[in-house]
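[1] Build the 3D model from these lines:
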Amino acid sequence: MVRRGPESGHDKNKDRYRYVPFITLSELKPRVWITLSGCNFRCRGCFSFAREPIGEPMRVEELINLVKKSSATYYGETPLEEAVITGGEPTLDRDYLVDLVSQLKGFIGDVVLDTNGYLLDDSYLGELLEAGLTEVMFDLKAWDEKLHEWYTGYSNKRILANIRNAYGKVKLVVNTVYIPGIVDEREIEQIARFLAEIDRRGEIDYRINRFNTSLSRERISRNPYPEEIEHAYSIVAKYMKNAVIGKSCVRERKIEEKRGWITVFPDGTLKRRTLADYREENKRMAIARG
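    Down below sits the predicted model:
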């Protein structure tokens, strides 16, 4: 085995770790989601298990081995086409994330970052692009700064600046969850206007996702009605070329058949999990939280 010198980035980061509850394999195509737990935001409507640092501490090399072994077990010789790094919030440890992207890019075509965008300034984004990042999905929670602070605990000024900065440098997707009476068509129209002002060439994808009370940590609203979502979409479509009504798993939104996912735990155990399983697990966690 060749040992790397002290100047090596991999060697420098060998003792860094993030808590990983699981990774997820798609049943529809060779795609992996990598969940890094822990988050700086405290979103009132959060649905993720991974907001808290749960799971097992894993160094980048351990995580890469888990991705390679589990994908080989499930997909056989078919190579992975895409990795989506999500959370929690993946950007909390800069060196770890840059190293992870670099190693993933060595054997996966596209590497995507799903982030709240608060920490992703020009310098950070530049390091990730150099490492091989191909797409950024910004989860923009709200347009109004005070509303954003109420919902997340943070101002959105840095996020808006980081979205503006990222345009033209990387494939860019922006997601907003429609929350009736909170983040509704008024907020979404303001976000669409902002993005359209940046996006003169019609390259940004803007996705309107549905709030789901069965997954949310706090009962801050209800599920949106279909006509509310359609109305919000019609407003966005006036400003933007690439508007989409999404779902929780937006990367597989075009497939109408029922689907599940293969959850892979840090010990290598594989378990098929459907959306119903995920909802049931969320309910159990909500009860445990009191």
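
[2] Neighbouring strands - and their directions - for the lengthiest strand in the chain?
    Counting residues, the longest strand in the chain under DSSP state E turns out to be strand 171-178. Applying DSSP bridges, strand 171-178 is found paired with strand 135-139 (parallel), strand 205-210 (parallel).

[3] which residues in the stretch 151-290 of the chain form strands?
    171-178, 205-210, 242-245, 260-264, 270-274 (DSSP state E, counting those that start in this stretch).

[4] thinking again about what came up before, reformat the strands paired with strand 171-178 as TSV; add distance to Glu52 and mean pLDDT.
    In this view, the C-beta of every residue, glycine as well, is placed from N, C-alpha and C. Formatted as TSV, the entries for the strands paired with strand 171-178 read as follows, by distance: least, Cβ to Cβ, whole Å; pLDDT from 0 to 100:
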stretch	distance to Glu52	mean pLDDT
strand 135-139	18	98
strand 205-210	22	95
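
[5] Present those as TSV; the columns should include distance to Tyr151.
    Shown next, in TSV, are those (distance: least, Cβ to Cβ, whole Å):
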stretch	distance to Tyr151
strand 135-139	12
strand 205-210	15
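
[6] where along the stretch 1-150 of the chain do the helices fall?
    Assigned by DSSP state H, counting those that start in this stretch, the stretch 1-150 of the chain shows helices spanning 9-12, 60-75, 94-105, 122-131, 145-152.

[7] Next, format the ones you listed as a markdown table and append mean pLDDT and mean neighbour count.
    Below are those laid out as a markdown table (pLDDT from 0 to 100; neighbours: other Cβ atoms under 10 Å):
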| stretch | mean pLDDT | mean neighbour count |
| --- | --- | --- |
| helix 9-12 | 54 | 13 |
| helix 60-75 | 97 | 18 |
| helix 94-105 | 98 | 21 |
| helix 122-131 | 98 | 15 |
| helix 145-152 | 98 | 16 |
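
[8] Out of those helices, the one nearest Trp33 is which?
    helix 60-75 (10.3 Å; Cβ to Cβ).

[9] Counting by contacts, list what that closest one packs against.
    strand 18-20, strand 23-26, strand 31-36, helix 94-105, strand 260-264, strand 270-274 (3 or more Cβ pairs under 8 Å, 6 or more residues apart in numbering; DSSP states H and E).

[10] could you check the angle strand 260-264 makes with that helix?
    140 degrees (axes from the mean of the first three to the mean of the last three Cα atoms, to 10 degrees).

[11] which residues sit against helix 60-75?
    Contacts with helix 60-75, where a contact means Cβ atoms under 8 Å, 6 or more residues apart in numbering, come from 10, 13-14, 16, 18, 20, 23, 25, 30, 32, 34, 58, 80, 83, 96, 99-100, 103-104, 107, 262, 264, 266, 268, 270.

[12] Which members of these are classed as buried?
    13, 18, 20, 23, 25, 30, 32, 34, 58, 80, 83, 96, 99-100, 103-104, 262, 264, 266 (16 or more other Cβ atoms under 10 Å).

[13] what pairs with the residue sitting nearest the centre point of the chain across the strands?
    The centroid of the chain falls nearest to Asp114 when counting by Cα atoms, centre = their mean (2.9 Å). As for beta bridges, Asp114 partners with Met137 under DSSP bridges.

[14] Could you save the helices of the stretch 1-150 of the chain as TSV and add columns showing distance to Tyr225?
    What follows is those, written out as TSV (distance: least, Cβ to Cβ, whole Å):
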stretch	distance to Tyr225
helix 9-12	50
helix 60-75	38
helix 94-105	38
helix 122-131	37
helix 145-152	21
